[in-house]
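Participant: Dropping the sequence and predicted coords here.
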Amino acid sequence: MGWYILKRIVQTIPVIVFATLIIYALVFLRPGDPVLNLFGDKPVSEATRATIESQYNLDKPFIVQWLLFLKGAVTFDFGTSFSGQPVIDQIQRAFPVSVTLALMAVAFEAVFAIIIGTYAGIRRGGWFDGVSLVVSLVIVAVPIFVIGFLFQIFIGIKAGIDWLPATVGGDWTVTDLIMPAIVLGLTSLAFAMRLTRGSVSENLAADHVRTARAKGLSEGKVVRNHVLRNSLIPVVTFLGADLGTLMAGAIVTEGIFNIPGIGGLAYSAILKGESPTIVSVVTLMVLIYVVMSLLVDLLYAWLDPRIRYA
Amino acid sequence: MPENTPRRSTPRPGQERFVAPVEDTPLAAIDNVDIDVAPESQWKEAWKRMRRSPLFWTSLTILAFLAVMIAFPRLFTDADPRYAQLSDSLEPARPGHPFGFTKQGADVWARTVYGARASVAVGVLTTIIFVLVGVVTGAVAAYYGKFADTVISRTSDIFFSIPLLLGCIVVVSVINNTWPDRGFWGAVMVIVLALSLFAWPQITRQMRAAVLEVKNLEFVDAARAIGASSRANLIRHIVPNAIGPVIVTATISLGVFIVSEATLSFLGLGLPGSVMSWGNDIAAAEVQIRSGEHLRVLAVPSVALAVTVLGFILLGESVREALDPKARKK
Amino acid sequence: MNAATTAGSAPLLQIRDLDVAFRNEKKQPVPAVRGANLTVYEGQTVAIVGESGSGKSTTAHAIIGLLPGTGHVTGGEILFEGQDIAQARKQDIVALRGSSIGLVPQDPMSNLNPLWKVGHQIKEALVANGVATGKAADARVVELLEEAGLPDAARRAQQYPHEFSGGMRQRALIAMGLAARPKLLIADEPTSALDVTVQKQILDHLDTLTDELGVAVLLITHDLGLAAERADHLVVMYKGQIVESGPALEILQDPHHPYTQRLVASAPSLASQRLSSGKQRSEVREAAHKQARHGGGESAAVPADVGRASDDVIEVEGLTKVFTLPGKGPFGKTDFVAVDDLSFSLRRGTTTAIVGESGSGKSTVARMVLGLLEPTSGTVKLDGVDVAGVRRKEDRLRLRRTMQPVFQNPYASLDPLFTIYRSIEEPLRVHGIGTEKEREGRIRDLLEKVSLPTSVMRRFPHELSGGQRQRVAIARALALEPEVVICDEAVSALDVLVQAQILTLLNDLQAELGLSYLFITHDLAVVRQIADDVLVMQNGRVVEAASVEQVFSAPQQEYTRLLLEAIPGASIPLGVVEAGGSSAARIDLDD
């Protein structure tokens, strides 16, 4: 197992390195003069320009800039943004709310996907199954920002529930995030529910479930011990991977509910052309994705004794 | 009863020698072929199953309606979607303008009808490109293995590790700065390429897994033993047998891409404002409906978008059901 | 089994006029079992014999209330100790399961939950039936596993199913089925997924155990020989109906119903002799030689060598295949020798069988001979030409024409998207033989040769039965007029009667076309029907190589003897086969 983890970590290094290269190249290709941007298009003296260019390594070739960035990133030194803030400070400020939001969304997703999906899987072809199918398809079809607006208008504003505010803002509490978390988790909920449902109905027909019945187990025990546990393995791994996706995919939700998270940070950095921040945030996202998929693989091995990595 | 070797004692009640009359179960010839049945390919069989599915007919109705709307928008509205008069701003419905006017004073319904083209174009083109790239890379990786597999798999890992939305935003923002005025098709192609760039690994992985499974089946070995070249084998036998799941994913993804385009447009990094699209209209409507008034300005393009996406997803689901091997007889 | 004579007089299980049906897509009932009658007494072993689809498993599952999908009892009664369980409430059946009626299922690979330790799964049965709980149950689990013949039971109980071999899993399933000491044990094809030697061990053990415990056994099997060897009372099912029942030996030696007669005649373990006589065999060989000498341009690849090549069409020397598997540690690798220094030759116009259990390397040999897998070392010579040395494309194609395969799995050996016509046409097309019209003529001829109506040309594989697909596979193999056909378990997946039919077909084709067969199989009984020479393989090595008569009458090696003894029903004296006349004549090839 130790060897496997080491091997995986070694394998992920090129993924991270090349992913940052791609983003770095894209940002580098972006035309316009960052120094001019910094000074609001006012003329800049040659001397100031030279200081700034050397400060941000803008005077060096592209590959060197990228290597210098990588060198810093290893020690979590992501440099400073053009506005003079250390990027790591920006990330540190935005990170906690994004993590909380993603965790809450996954928790919401897990509970409802498993309950509804299991029931639909057991009663495959029944009315509950049919309704849950249609609802999940509609959820996937409606863009997340439309769902966000509707929640905001009907729950946040019209219903006027105090502890479910329409916008969150800088001083956020966990209850503030309930509604955004539901909105964020809804699309994945639909997918996870379909996955659970398929997995449960497939497992119900498995040979070993018949054997469990044949040895005299009650139906409840059969479902709990032999159907559910087997069915939830793919669902749990899906949810694990989704945690990473939701952190990166929260741009829209964070925008609608005015949450000062990583997504918002990335978005404003892109609009302003803050290359150091963009590259750092994307690198962070890739890192989270890579770590999550490693954890998911290990989780899989832990849940399923057949899987042993060597 | 014959007397030879009754090694055991006489049978007990209920276990006496019994021979059914031959007329009851007449002997059939061993393994005979039923000549009367008409031949049917798997695709035809799947099509037959699909025809029975209400999901399929619902989706087909939606998509047919959509196709007509894109081809002949004038059948649905007489209003000019680009004509806007500020005096009409947020005016309610009136004859000829069934859903009233936007903030800019344009006809909400007309903009929705004409906006279909861009949204569907993005969905269809992205799907074509990402399926082509994914199928070729996935099949090559799995079939030829070794070096090709390593290169393709690692490359797809890299692109897969960058979040789709974030990646697209970066790409579009870069292009926005380099090529601001790019017309309708230019704008559409930028979104298409941005989405395909980060989405293709999904199909690659799926195709790779499917080909790995099919390539070990015996009919592939049989074809090799005949002397068929390995490329002919891949194209004639393996890819057609591995493509089923990809078709399902592709159809559902088509819907998801339309949603993604709308999301990008909503963030201001999708189609430029000059291009009429549902995403742009929804984004523009957001500002007004924060207060909860004039909901229809938001609702009309949103419903159009959702119904369209639903049409594609339903099609995907019905294809999935039709291709499900468990649904097949025997 | 002899406990039967000492048991009480009331039947333990009595099935009267049982009807079982499934519902089709249009919700109409499709009968699966019709009017079945069956009686089992305490301590007795009763066997239900039938082909796939005969309703034997459905009957068994109806007894324990576990019919799959839409299956339901539509009529009749199932009396267990006098009580009708066909109409019982659900919780009453649940109460019966495990404690009164146990089940040993068919496939040991899929019948244990992969996520729970084996011991835990047996413990569940004890707890659910109120036999024992807690520590006492744990101790009992170990006893039960020991009882089922599993060595090192205490450690094994703590392992997961994937750490068990197939035979060990089946022992665990037997322990599970007997855990709560049921009065009746339903054994549904308990060993059909296992190697013959393992099968024999496990069945012997099951016999002893059920005898000791006085458990009645309802044995479901497709193998008439096995049923006759193990059961007191025999029930033969055909198309959902019981066609004949009675004392096992009596039925076997004097079958009355024509279906039973057919079954007895075709069972390879019972009816074993070469399908064609010695005289016919020598004629075949002569014809094959003649063809090799004068016959078409294809086989004249090595004109200089005709004299030498004429006797052995395939010569294999020192064939070895080593697979490199990942081992311990990051860079660890271990070598696995799948085939170890194998040499043999296939005489023209004869059949050489390679027999072995799973993992013996026999299929690896087939793939190497076919050139689908590169040997690590050693040579394969076809008509005296080293296959590995062939580089030019036309030479390779010529090689392909000389040698064609027929594979095991009738469901995977034809491309499901190709019509039968295209499947058989493919080899002709690849080799550029004939015009479209000529090819169609050829395909018609080939279908006729394998006794299929030409109307199947437009069909797709999934519309044909397993046996019919194998016929198509044979037609495809013959399309290029090969000299050698390599049959890799070509009849293993088929029902007994269909298997006999295909064997007869292969035999007739050999006589007609002077073919040479390399016949890979796990089933020694089949070998006797089709082969002239045998190679017995074990763990990649040849254990014994001799003629069929020698191997069957005087096996030299212990392992060969073991294999022979394990053929179910081999020891049963038969009256009918001699009386029934030569085997090929019995089988109806017409459609």
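Facilitator: Cool, got the structure.
Participant: looking at chain B, which helix or strand does the model trust least?
Facilitator: The weakest-scoring helix or strand in chain B, judged by mean pLDDT, DSSP states H and E, is helix B:278-289 (a mean of 78).
Participant: So which elements touch the next helix or strand after it?
Facilitator: Per DSSP states H and E, helix B:278-289 leads on to helix B:295-323 as the next helix or strand towards the C-terminus. For helix B:295-323, the elements it packs on are helix A:127-141, helix A:144-151, helix B:42-51, helix B:54-71, helix B:108-144, helix B:244-266, helix B:278-289, judged by 3 or more C-beta pairs under 8 Å, 6 or more residues apart in numbering or on different chains; DSSP states H and E. All C-beta spots, glycine's among them, are computed from the backbone N, C-alpha and C.
Participant: is it true that A:F112 touches A:L189?
Facilitator: Yes - counting by C-beta atoms under 8 Å, A:F112 does reach A:L189; the two are 5.8 Å apart.
Participant: Of all the helices and strands packed on helix B:295-323, which one is nearest A:V44?
Facilitator: helix B:244-266 (33.6 Å; C-beta to C-beta).
Participant: rewinding a little: out of A:F112 and A:L189, which sits in the more crowded spot?
Facilitator: A:L189 (25 against 16; other C-beta atoms under 10 Å in any protein chain shown).
Participant: how much space between the residue in chain A positioned nearest to chain C and C:L67?
Facilitator: Proximity of chain A to chain C (C-beta to the nearest C-beta) peaks at A:G216, 2.8 Å away. Counting by C-beta to C-beta, to the nearest Å, the separation of A:G216 from C:L67 is 17 Å.
Participant: before we move on, the earlier item: include mean neighbour count when you put the helices and strands packed on helix B:295-323 into JSON lines, please.
Facilitator: Formatted as JSON lines, the helices and strands packed on helix B:295-323 follow (neighbours: other C-beta atoms under 10 Å in any protein chain shown):
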{"stretch": "helix A:127-141", "mean neighbour count": "17"}
{"stretch": "helix A:144-151", "mean neighbour count": "22"}
{"stretch": "helix B:42-51", "mean neighbour count": "15"}
{"stretch": "helix B:54-71", "mean neighbour count": "15"}
{"stretch": "helix B:108-144", "mean neighbour count": "23"}
{"stretch": "helix B:244-266", "mean neighbour count": "24"}
{"stretch": "helix B:278-289", "mean neighbour count": "22"}
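Participant: quick one: A:I16 and chain B, what's the gap?
Facilitator: 8 Å (C-beta to the nearest C-beta, to the nearest Å).
Participant: Could you list which residues are in contact with C:R23?
Facilitator: Contacts for C:R23 (C-beta atoms under 8 Å, 6 or more residues apart in numbering or on different chains) come out as C:29-30, C:70.
Participant: Out of those, which comes closest to chain B?
Facilitator: Nearest member of the contacts of C:R23 to chain B, counting by C-beta to the nearest C-beta, is C:V30, at 11.1 Å.
Participant: coming back round to it: ok, of the contacts of C:R23, which come out buried?
Facilitator: Neighbour-count burial (16 or more other C-beta atoms under 10 Å in any protein chain shown) is assigned to none of those.
Participant: Next, the buried residues of stretch B:164-179.
Facilitator: B:164-176.
Participant: which residues are in contact with it?
Facilitator: Residues outside stretch B:164-179 that contact it (C-beta under 8 Å, 6+ apart): A:23, A:26-27, A:29-32, A:248-249, A:251-252, A:266-267, A:270-271, A:273, A:278, A:281-282, A:285, B:186, B:190-191, B:193-195, B:197-199, B:260, B:263-264, B:267, B:269-270, B:272.
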